[in-house]
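Trainee: predicted model follows, preceded by the sequence.
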Amino acid sequence: MAQVPYSPVPAQTLSPQGLPGYHTPSGLEDAFGANVAQAIGHLGKVTEQAGSELFGRAVAMQQLANETEAREADTQYMMKAGELHAQYSALQGADAVTAYPKYAQDLQDARREIRGSLSNPAAMKMYDANSLSTMGRSIFNGAGHAATQNKQWAINTAKSQIDLDAKATEDNPGDEALFQDKLHRIHQSASELSGLQGFAPGSAPEQDLFMKAKSKAYAQRITGMARHDPSAATEYLDKHRTDLTEDDYAKVDRTVRNEDRSIGSVNIANEVYSAGKGDEVKPGKSLADMEEEVRARAKKFRPDDPVLAQHAVSALRGIWNQDKYATKQEEQANEGIIAEAIRAGVKNEQELRANPKAAAAIDALGEKKKLDIPGMINRYNAARDKTTNEDTETRLRGLSNTDVEEFLNTDLTKEHLSKGDMDKLMDRQQKLKGNPTGDPRVIRAMSWMRGAQGSQLEALGIFARTKENKDEYDHYAGAMQSAIEVWSEAHAGKAPTYKDITEDIGPQVIQQRSEPSWFGLSTKKVPMFQQEVPEDFKNKLTADVVGRGGTEPTDEQVYKAYVRTQFIKLYGGPKGKDQAKAGQ
């Protein structure tokens with residue numbers, strides 16, 4: 001135990017020092033617990049340092065969590081902003097301009113939506129720093145895209161207006177007032193386009209733009225003129241050559257020259273052939289003489305175009321061959337009518353002419369063929385008593401399969417055949433002619449139509465039979481056959497001439513006619529040979545045929561019957577027989 005020093009005897013000598021201060025005796029602090037206090041104080045300091053360390057660590061961890069959450073949210077926003085920008089960047093022209101406000105609003109809404117999902121204000125603040133930058137860049141880029149597309153929209157609009165005005169001059173080439181108005185509008189559009197493309201007023205690029213726009217108007221007007229009057233178009237082209245660019249002039253020149261050659265060559269060829277082909281009284285010119293005349297006329301018509309003469313000669317040869325082919329077909333058809341009438345049983349030409357069809361066919365033949373009629377009658381009558389020559393019958397039957405044209409041209413009355421074999425082969429000839437596209441009368445008529453109205457047939461897609469148009473072409477052929485038959489019946493069995501076919505029958509077959517459209521609300525134009533059969537006609541015809549004990553007619557039979565009635569309305573014809581024919 002600690003002891004307190006004590007002396008009861010005071011000091012005996014004076015000390016020069018002052019009164020001594022009081023000092024705690026050594027060890028007294030420990031006696032009163034100073035060491036415990038110091039220990040406690042040290043413990044407090046240690047505890048305070050540990051708390052500060054723990055607090056700092058907690059703050060750092062929360063800071064890290066906030067940064068992570070903000071980065072993840074910013075990543076989500078960048079992905080969403082990229083998606084919105086990709087969608088918007090795909091828009092062009094007016095669509096891009098119109099959609100820009102919504103695009104900017106969508107970016108803001110997406111940012112706010114993601115921000116609202118964060119857990120605390122500190123994370124939101126960190127998110128704001130990056131997301132606002134992302135949004136700003138996206139909106140800025142979107143604004144640039146909108147501006148670019150707005151300018152492109154205006155440029156395309158000006159170009160389209162130039163194209164539309166130029167097309168109007170092509171569709172109405174003869175309207176001078178319209179052309180001047182469109183030319184003025186084209187200049188305005190070109191001026192607007194020049195400004196949009198950044199060309200200075202009066203600059204070379206602007207003048208080049210004006211020249212190209214004006215050239216386009218003149219080029220399309222001349223192209224339109226060439227379709228109706230190639231000669232006038234050629235003169236107009238020469239007059240306004242300086243108003244076209246070199247490229248436009250070269251293109252239009254080719255178009256105009258080709259049209260001029262196409263129409264001019266055909267006109268020259270037709271004129272020369274019509275004047276030189278001759279008739280029953282006057283002998284015709286030779287093909288060589290006609291070709292020489294065609295070349296002379298072409299040179300006079302277009303002295304600076306040597307190609308025109310070549311085209312005109314080619315057109316003449318086509319007309320020559322076509323006419324010869326048509327004459328051959330007509331002759332073949334008439335001989336078929338005569339042969340059929342002979343088969344009916346006649347003793348001489350007088351009895352043969354009692355048949356109106358046969359009489360018309362005889363009159364249509366050449367003089368040499370007419371002289372052979374009595375011999376045909378005698379040979380046929382004599383053949384009824386002959387024994388069938390098997391070799392001849394076999395040869396002709398094979399010929400009907402291998403060379404139909406030669407078979408149809410064969411005069412069976414001149415062959416050594418029995419009546420039975422001759423009848424069979426004649427039936428074969430008539431069966432081959434029963435197909436409209438193989439009927440010589442139809443072939444002749446359609447050949448004449450190709451020469452006289454080829455452009456109309458081209459427009460209808462029936463100039464020639466192809467895989468793509470075979471149904472329309474066969475309808476056309478069937479309608480032509482019905483028209484010829486009804487016309488002949490209405491004209492006492494007379495065979496139609498070239499003029500009858502090309503000016504009356506043929507145009508009626510291809511004439512556009514009005515037909516009720518959907519629910520009768522409007523009408524549509526369709527050629528005569530493509531008329532739809534009214535339902536009431538079909539029902540009545542079917543009922544009539546079946547009522548008489550016949551077989552229900554097919555759609556093709558109904559169609560033929562309907563077309564036949566339409567031509568009877570035009571030409572007249574036998575009454576009461578037409579619907580019955582459909583059931584046969």
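Mentor: In hand now; what should we look at?
Trainee: now do the helices in the stretch 401-550 of the chain.
Mentor: 404-409, 419-434, 440-460, 470-490, 498-500, 506-510, 535-547 (DSSP state H, counting those that start in this stretch).
Trainee: nearest to residue 284, out of the ones you listed?
Mentor: Distance to residue 284, taken as C-beta to C-beta, is lowest for helix 498-500 among those, at 15.2 Å. The C-beta positions use only the backbone N, C-alpha and C, and glycine is treated the same way.
Trainee: and that closest one, what's buried?
Mentor: 498, 500 (16 or more other C-beta atoms under 10 Å).
Trainee: next: stretch 267-282.
Mentor: Neighbour-count burial for stretch 267-282 [16+ other C-beta under 10 Å]: 268-270, 272-273, 276-277.
Trainee: residue 358 belongs to a helix?
Mentor: Yes - Residue 358 sits within a helix when classified using DSSP: H, G, I helix; E, B strand; the rest coil.
Trainee: what helix or strand is the residue nearest to it when sequence neighbours are not counted located in?
Mentor: Nearest non-adjacent residue to residue 358, counting by C-beta to C-beta, 6 or more residues apart in numbering: residue 341, 3.7 Å away. Secondary structure assignment for residue 341, by DSSP states H and E: helix 306-343.
Trainee: helices or strands up against the very next helix or strand once past that helix?
Mentor: Helices and strands here follow DSSP H and E; after helix 306-343, the next one along the chain is helix 349-353. Where contact means 3 or more C-beta pairs under 8 Å, 6 or more residues apart in numbering; DSSP states H and E, helix 349-353 is packed against helix 306-343, helix 356-364, helix 373-383.
Trainee: got TSV for those, with distance to residue 103 and mean pLDDT too?
Mentor: Below are the helices and strands packed on helix 349-353 laid out as TSV (distance: least, C-beta to C-beta, whole Å; pLDDT from 0 to 100):
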stretch	distance to residue 103	mean pLDDT
helix 306-343	61	81
helix 356-364	81	85
helix 373-383	91	81
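Trainee: for burial, what's the neighbour tally of residue 89?
Mentor: 14 (other C-beta atoms under 10 Å).
Trainee: can you add mean neighbour count and give the helices and strands packed on helix 349-353 back as JSON lines?
Mentor: Below are the helices and strands packed on helix 349-353 laid out as JSON lines (neighbours: other C-beta atoms under 10 Å):
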{"stretch": "helix 306-343", "mean neighbour count": "19"}
{"stretch": "helix 356-364", "mean neighbour count": "19"}
{"stretch": "helix 373-383", "mean neighbour count": "17"}
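Trainee: of those helices, which is nearest residue 457?
Mentor: Minimum separation from residue 457 across these (C-beta to C-beta) falls at helix 306-343, 13.6 Å.
Trainee: could the buried residues of stretch 267-282 go into a markdown table alongside distance to residue 504 and secondary structure?
Mentor: Converted to a markdown table, the buried residues of stretch 267-282 look like this (distance: C-beta to C-beta, whole Å; DSSP: H, G, I helix; E, B strand; the rest coil):
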| residue | distance to residue 504 | secondary structure |
| --- | --- | --- |
| 268 | 27 | helix |
| 269 | 24 | helix |
| 270 | 19 | helix |
| 272 | 26 | helix |
| 273 | 22 | helix |
| 276 | 26 | helix |
| 277 | 22 | coil |
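Trainee: how distant is stretch 295-311 from the center of its chain?
Mentor: With C-alpha atoms, centre = their mean, to the nearest Å as the basis, stretch 295-311 stands 37 Å off its chain's centre.
Trainee: residue 135 is nearest to which of the helices and strands packed on helix 349-353?
Mentor: helix 306-343 (69.5 Å).
Trainee: and this protein, what are its domain boundaries?
Mentor: Segmentation of the chain into domains, based on automatic domain parsing, reads 41-150, 326-437, 441-582.
Trainee: average model confidence for the first one?
Mentor: Throughout domain 41-150, pLDDT has a mean value of 84.
Trainee: next one: it to chain centre, how far?
Mentor: From the chain centre to the centre of domain 41-150 is a distance of 52 Å (C-alpha atoms, centre = their mean).
Trainee: so what does the strand or helix carrying residue 218 touch, helix or strand wise?
Mentor: In this structure, residue 218 sits in helix 204-228 according to DSSP H and E. Packing partners of helix 204-228 (3+ C-beta pairs under 8 Å, 6+ apart): helix 121-171, helix 176-196, helix 230-239, helix 246-276.
Trainee: which residues are contacting the third one?
Mentor: Contacts with helix 230-239, where a contact means C-beta atoms under 8 Å, 6 or more residues apart in numbering, come from 221-223, 225-226, 249, 252-253, 256-257, 259-260, 262-264.
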